[in-house]
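*Asks:* fold the following for me, if possible:
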Amino acid sequence: MSTKTATSEQLVEKASKPYSPALARDLLQILDMVLILSLGLAIYLFYVYPEEPQTLSQYLVTLLIATIMSGLFFHWVGVYGGDVIFTRGLRVQRMLSALVGSFALFLAIAFALKMSSSFSRVWLTSWFLSSAALLSVSRFYIGHHIAQLARRGRFANRTVIVGTGSQADKLARHLTEYDAERTRILGFIADEPLSVGHKTHEYRILGGLDDLVQMVRNDEVDQAYIALPWNDVERLRKVTHRLAMTPVAIRLSPDLAGFEFPDRRFTEVAGLPMLPLFDRPISGWSQFTKAVEDRVLAVVFL
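*Replies:* Alright, predicted model coming up:
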């Protein structure tokens, strides 16, 4: 590459490190558990403890077990999975369903162990209702705050695109239009000699593969998309081999034909990724059901 640029700071302004969505999900889970535990304890101290102070240890153990059970149940139903922090209301409906399920499971276990009569029904009902209300309100508030941060790009991964052709241009336009809240494009990386600083539409060519490796070492990049023609196998192999040891996420962009079917998801056939375009309209049990339905309707009409 050209000797005009010695460091990556000369290629691109240093971008601030984004907030981690995984950390935000973990903090959301911790907050949910703290709220559930705190509400149960507060209602016990206000309603039960003045009359039955000897039950403190019993209720504390129960609170801890029920809170842990709720956390596990929330995980099991996918309350914190995927892109929860980017969903409307942080999946409040799924959270409420999980809360109902976890409390029902807790009651079933207490009933099976013949312990249900040992706890105040008013305390348990108040604990459940207040947890549902406060968790919902907190999620709408946090979701609004996260949405503001996302609009400012604070969760956007610092991204470079390896490639300078039409495939790279199309990928940059697509990510800018449909995923701007989670992807901040820094520029392009040329895998072949080109003039550094040359602009491809609104993004510059930041340098070559060596410059990208240096940017990774300087903690300036979170992920790289390889946007090279799929039929150029040697070129792809060279780039992936050069970037394989870098501590960033490396992804292979779809070929140009893939942009014509953005709503399709890859499936695996014999260990190979396939892009399904159309399935048989009727197959399996649907075919049998359709045949029976046709004959029944024919008999009715006759």
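*Asks:* which sections of the chain are below the confidence cut-off?
*Replies:* Within the chain, the stretches with pLDDT under 70 are 1-15, 194-201, 280-288, 290.
*Asks:* which residues of it fall in helices?
*Replies:* 21-43, 56-76, 92-112, 121-151, 166-178, 209-217, 233-243, 285-301 (DSSP state H).
*Asks:* quick check: angle from the first one to helix 56-76?
*Replies:* This points to helix 21-43. Compare the direction of helix 21-43 with that of helix 56-76 by axes from the mean of the first three to the mean of the last three CA atoms, to 10 degrees and you get 150 degrees.
*Asks:* quick one: closest of the helices of the chain to residue 260.
*Replies:* Within these, the stretch nearest residue 260 is helix 166-178; the backing value is 10.3 Å (CB to CB). Placement of C-beta: from N, CA and C, glycine included.
*Asks:* what does the closest one contact?
*Replies:* Residues outside helix 166-178 that contact it (CB atoms under 8 Å, 6 or more residues apart in numbering): 159, 161-163, 183, 185, 188, 200-201, 203, 225, 227-229, 253, 255-256, 259, 262.
*Asks:* buried residues of it, list them for me.
*Replies:* 167, 168, 169, 170, 171, 172, 175 (16 or more other CB atoms under 10 Å).
*Asks:* which members of the contacts of helix 166-178 are classed as buried?
*Replies:* 159, 161-163, 183, 185, 188, 200, 203, 225, 227-228, 253.
*Asks:* most widely separated two among these?
*Replies:* Counting by CB to CB, the most remote pair of the buried ones among the contacts of helix 166-178 is 183 and 228, 18.6 Å apart.
*Asks:* so what does the closest residue to residue 95 other than its chain neighbours look like in phi/psi?
*Replies:* In space, and not counting its chain neighbours, residue 95 is closest to residue 79: 5.2 Å by CB to CB, 6 or more residues apart in numbering. With angles defined as degrees, to the nearest 10, residue 79 sits at phi -60, psi -30.
*Asks:* for residue 79, what are its contacts?
*Replies:* 91, 94, 95, 98.
*Asks:* measure how buried the third one is and give me the count.
*Replies:* This points to residue 95. Residues lying near residue 95 (other CB atoms under 10 Å) number 22.
*Asks:* shouldn't it be in contact with residue 135?
*Replies:* Yes: applying CB atoms under 8 Å as the test, residue 95 and residue 135 come out as touching, 6.2 Å apart.
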